[in-house]
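Trainee: Predicted model and sequence follow; I will ask about them next.
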Amino acid sequence: MKPSSEIPRPAGSLLNHSLRFAKNTMRFYEDAFRECGDIFATRIPGLGNWVYVCSLDLAKIIVEAPPDVLAGGDIEGFSLAHLLGKGAASQLDGPAHQERRDVTAPYLSTQESRRHVEEFRAITERRLAQWPLGKPFPLVLELQRIALEALVKVFFSAAGPEKIQQIADVYQRFSFKGLRSPASVHPTLQVELGPWSPWGRVKAKQREVFQLFAAEIEARLAAVDQPDQDDIILGLARARLKDGSRLSREVILTEILDLLFQGHELTGDSMTWTMGELITNPEVLAELRRELDAADTAASDPPYLEAVVYEGLRRRHSNFFTTVRRVKQPFELGGYLLPEGTLVCVCYPALSKREDLYTQPQTFNPGRFLEQKPPTDARCPFGSGAHACAGQGLAVVIMKTALATIARKADLKLAQPEVHPVRNAYWYEPNKGMLVTLEQRR
Ligand code: HEM
């Protein structure tokens, strides 16, 4: 077994890596795979030691490793518990993690999410009605907002339209001015120097979101003994854990904030990338519109629409790795011994463009997902194994509903010459937010 220092690294100096990584992260990873093969390592300053795998076999080894060897929840240095609170499912491992996932799963499933389709459609239509005609605007902000309102509606099921707006506004301020602030991720900036300091501003937004969410959760819990009422907040409050205990108000709050953090931007960003592909591939958009026109809108689940969503997630993604784990005990991977503390992950940009897995991987061809079912292994854009995305059913239903509504009702044109991914704190969005012009409403 070889030491981890012998894992292939892309050629060039550390500075060269950092510059290429910052300029176009997706291309950096694709090139690294071409240059190094199924496993490679990087050390980008500020990110730590990472090992990436790009093959299904190596990914399977990661997914199947037990949590005391490769942890998926306890990945210190990579957690936002100092902002979102402690004890969300995503921070747990082993039986406690599975137990919590079992509580939330019924509320995030595809079947349950489909009950909200009309609400998601109404949210999309209301936003779309406000888009300016003939004037460029950043699509990503609109689609993130649609995703956010959809998730708020699911989580706070008793809230009316005004309350949903209020909750979404407060969360959005926290997201843009708190979570995205450099102070959130750099411990050296996390010093209390008054309300106008970077950390002071983050804390103010955090207080605002905690206060409102805690009050809304408390109000909802008045219905905890009414069996005819149910949603994820009531489900979390009613859950009795194996040791007989119940979840505290603080943990319920953290769980809801974590689900919003994990879900809203990724869903909005993914829809934006897919919409961009539809705009630049008019024959695919025409095929989708033909399917949607022929569909019985209330009951059907059009297959091409789902294929568009999965091909969008494969072709352009908002997160560059799935299945992130931290090594807890020396671990062998691909013939190398990884020391404790190493971060390993599946390099999704490389895996999803492998020519032995996808014919003509660089083309946007939803038809491929009519023949092969959406993947459940490491090819899955939502990850796989114990920590696979908890909200994937809900995310797909939101994306299908919003994209279908926009495809039916709006003619959009790209209003910027070139689109590439740029990092916004945690995920990757299109540069300039993908400027588009609404040419006409249909
Ligand atoms: C297109 C949208 C989305 C994408 C591409 C996405 C992708 C992912 C990925 C790749 C992971 C890590 C999986 C792994 O480690 O193997 C993840 C985890 C997670 N996602 Fe999503 N996600 C999306 C939407 C959502 C939504 C809408 C929610 C909430 C409703 C959500 C909640 C979560 C949670 C809670 C986790 C952590 C799971 C755990 O550690 O047990 N995600 N997601």
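Mentor: Arrived safely, thanks for sending.

Trainee: and G87, how far is that from R249?
Mentor: Distance, G87 to R249, by CB to CB, to the nearest Å: 11 Å. The way it works is simple: take the backbone N, C-alpha and C, and place the C-beta from them, glycine included.

Trainee: If you could redo that for F321, that was the one I meant.
Mentor: In terms of CB to CB, F321 sits 33 Å off from R249.

Trainee: and those two? which has more neighbours close in?
Mentor: The neighbour comparison of F321 against R249 (other CB atoms under 10 Å) goes to F321, with 20 against 14.

Trainee: which element is the nearest residue to the more buried one once chain neighbours are set aside on?
Mentor: Using CB to CB, 6 or more residues apart in numbering and skipping the chain neighbours, the partner closest in space to F321 is C345 (3.8 Å). Per DSSP states H and E: C345 is located in strand 343-347.

Trainee: Could you list the residues in contact with that strand?
Mentor: 29, 32-33, 40, 48-54, 59, 62, 70, 75, 78, 320-327, 331, 333, 338, 378, 383 (CB atoms under 8 Å, 6 or more residues apart in numbering).

Trainee: So how do I select the buried members of these in ChimeraX?
Mentor: Applying 16 or more other CB atoms under 10 Å to these, the buried members can be selected in ChimeraX as follows:
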select :29,32,33,40,49,50,51,52,53,54,59,62,70,75,320,321,322,323,324,325,326,327,331,333,338,378,383
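
Trainee: Could you list which of the contacts of strand 343-347 also contact the ligand?
Mentor: Within the set of the contacts of strand 343-347, contact with the ligand (CB under 6 Å from any ligand atom) is found for 322-324, 383.

Trainee: and of the residues you listed, the nearest to F176?
Mentor: F176 lies nearest to V324 out of those, by CB to CB, at 24.2 Å.

Trainee: Spit out the contact partners of that closest one.
Mentor: V324 is in contact with 72, 75, 78, 343-345, counting by CB under 8 Å, 6+ apart.

Trainee: Out of those, which one has the lowest pLDDT?
Mentor: The pLDDT minimum for the contacts of V324 sits at F78, where the score is 69.

Trainee: who in the stretch 101-250 of the chain is up against the ligand?
Mentor: Counting by CB under 6 Å from any ligand atom, the stretch 101-250 of the chain sits next to the ligand at 101, 108, 151.

Trainee: Hmm, V396 and the second one touching each other?
Mentor: No - with contacts defined as CB atoms under 8 Å, L108 does not count as touching V396, sitting 10.9 Å away.

Trainee: now the helices for the stretch 1-150 of the chain?
Mentor: In the stretch 1-150 of the chain, the segments counted as helices under DSSP state H, counting those that start in this stretch are 14-23, 25-36, 56-64, 81-84, 94-108, 110-114, 117-129, 139-155.

Trainee: and if you look at the stretch 201-350 of the chain?
Mentor: Using DSSP H, counting those that start in this stretch, helices in the stretch 201-350 of the chain cover 232-238, 249-280, 282-294, 303-315, 348-351.

Trainee: Just say which of these is most tucked in.
Mentor: Comparing the helices of the stretch 201-350 of the chain by mean neighbour count (mean count of other CB atoms under 10 Å), helix 348-351 comes out on top with a mean of 25.

Trainee: re the thing from before, for my notes, please list the helices of the stretch 201-350 of the chain in JSON lines and give mean pLDDT for each entry.
Mentor: Below are the helices of the stretch 201-350 of the chain laid out as JSON lines (pLDDT from 0 to 100):
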{"stretch": "helix 232-238", "mean pLDDT": "98"}
{"stretch": "helix 249-280", "mean pLDDT": "96"}
{"stretch": "helix 282-294", "mean pLDDT": "96"}
{"stretch": "helix 303-315", "mean pLDDT": "95"}
{"stretch": "helix 348-351", "mean pLDDT": "90"}
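
Trainee: Out of the ones you listed, which gets nearest to Q206?
Mentor: Nearest of the helices of the stretch 201-350 of the chain (CB to CB): helix 249-280, 9.6 Å.

Trainee: can you give me how far the closest one is from the chain middle?
Mentor: 5 Å (CA atoms, centre = their mean, to the nearest Å).

Trainee: returning to that earlier point: and for L108 and V396, which residues touch both?
Mentor: What both L108 and V396 touch, as defined by CB under 8 Å, 6+ apart, is an empty set.

Trainee: more neighbours, the two?
Mentor: L108 (23 against 20).

Trainee: do you know how far F210 is from S181?
Mentor: F210 is 16 Å from S181, by CB to CB.

Trainee: quick revisit: and of the ones next to the ligand among the contacts of strand 343-347, the nearest to the ligand?
Mentor: Using CB to the nearest ligand atom, G383 comes nearest to the ligand of these, at 2.2 Å.

Trainee: quick one, what contacts the closest residue to L70 other than its chain neighbours?
Mentor: Spatially, and ignoring its direct neighbours in sequence, L70 is nearest to R325 (3.9 Å; CB to CB, 6+ apart). If you count contacts by CB under 8 Å, 6+ apart, R325 has them with 62, 65, 70-72, 75, 343-345.

Trainee: Might one say that T267 is in contact with A147?
Mentor: Yes - counting by CB under 8 Å, T267 does reach A147; the two are 3.9 Å apart.

Trainee: between those two, what contacts are shared?
Mentor: With CB under 8 Å, 6+ apart as the test, T267 and A147 both reach I398.

Trainee: Helix or strand for E162, just tell me which one.
Mentor: helix 161-174.

Trainee: Help me confirm that E439 is found in a helix?
Mentor: No - per DSSP: H, G, I helix; E, B strand; the rest coil, E439 lies outside any helix segment and is strand.

Trainee: quick one: the residue nearest to it when sequence neighbours are not counted from V191, how far?
Mentor: Counting by CB to CB, 6+ apart, D411 is the residue found nearest to E439 once chain neighbours are left out, at 4.4 Å. Note on D411: its distance to V191, by CB to CB, is 50 Å.

Trainee: and the two? which has more neighbours close in?
Mentor: Shown here are D411 and V191; by other CB under 10 Å, D411 has more neighbours (14 against 11).

Trainee: And the more buried one, what's its pLDDT?
Mentor: 97.

Trainee: on that earlier part again, between the helices of the stretch 1-150 of the chain, which gets the lowest average pLDDT?
Mentor: helix 14-23 (a mean of 84).

Trainee: Buried residues of that one, list them for me.
Mentor: 17-18, 20-21.

Trainee: OK, now which residue of the stretch 1-150 of the chain is nearest to the ligand?
Mentor: Closest point on the stretch 1-150 of the chain to the ligand, by CB to the nearest ligand atom, is S90, at 3.6 Å.

Trainee: was I right about that residue contacting D74?
Mentor: No - in this structure S90 lies outside contact range of D74 using CB under 8 Å: 10.6 Å.

Trainee: the more surrounded of these two?
Mentor: Taking other CB under 10 Å, S90 and D74 do not tie; S90 has more neighbours (23 against 17).

Trainee: Please name the residues that touch the nearest residue to that one once chain neighbours are set aside.
Mentor: Once flanking residues are discounted, S90 sits nearest to D258: 5.7 Å by CB to CB, 6+ apart. Counting by CB under 8 Å, 6+ apart, D258 touches 84-85, 88-91.
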